[in-house]
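[1] no sequence on this one, just coordinates:
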């Protein structure tokens with residue numbers, strides 16, 4: 001029994017082996033059409049909100065489900081988070097909770 005608990009603790013610790021400070025940038029990977037058209041909230045997030053964040057790029061890949069890919073040093077993949085079950089607000093909160101900020105508004109003079 002103690003061995004099982006110890007194994008679970010080691011597994012959970014290994015699965016969460018990075019901190020928000022380890023995140024250098026992120027990428028959203030998604031199909032531009034089919035899967036996004038079935039997810040109107042995620043589509044609005046990907047096309048309208050995501051381009052407004054620092055250190056975040058959007059990459060369209062045919063047939064790919066919408067995912068947030070967190071990247072560390074040298075673009076090492078830290079984690080993939082599916083966006084399909086989230087609404088627009090939850091997608092924005094996910095980015096903000098991971099330390100991403102919106103780009104500064106450009107003032108017109």
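    In hand now; what should we look at? Since the model is a prediction, treat every value here as computed from it, not as a measurement.
[2] if I pick residue 34, what's in contact with it?
    With contacts taken as C-beta atoms under 8 Å, 6 or more residues apart in numbering, residue 34 has the following neighbours: residue 63. C-beta coordinates here come from the backbone N, C-alpha and C atoms, glycine included.
[3] Show me what counts as buried in stretch 20-37.
    When burial is assessed from 16 or more other C-beta atoms under 10 Å, stretch 20-37 yields the following buried residues: 23, 26-30, 35-36.
[4] ok, now which ones touch the most centrally placed residue in the chain?
    With distances taken as C-alpha atoms, centre = their mean, the residue of the chain nearest its centroid is residue 68 (2.7 Å). In this structure, residue 68 makes contact with 26-28, 80-81, 83, 91, 94-95, judged by C-beta under 8 Å, 6+ apart.
[5] Make a markdown table out of these and add secondary structure.
    Formatted as a markdown table, the entries for these read as follows, by DSSP: H, G, I helix; E, B strand; the rest coil:
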| residue | secondary structure |
| --- | --- |
| 26 | strand |
| 27 | strand |
| 28 | strand |
| 80 | strand |
| 81 | strand |
| 83 | coil |
| 91 | helix |
| 94 | helix |
| 95 | helix |
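[6] can you give me the helices for this protein?
    2-15, 34-37, 40-44, 88-97 (DSSP state H).
[7] Confidence-wise, which of those helices is weakest overall?
    Between the helices of the chain, the lowest average pLDDT goes to helix 2-15, which shows a mean of 52.
[8] picking that back up, pick the one among the buried residues of stretch 20-37 closest to residue 75.
    The nearest member of these to residue 75, counting by C-beta to C-beta, is residue 27 at 8.6 Å.
[9] got the contact list for that closest one?
    Residues counted as contacts of residue 27 (C-beta under 8 Å, 6+ apart) are 56-59, 68-69, 71.
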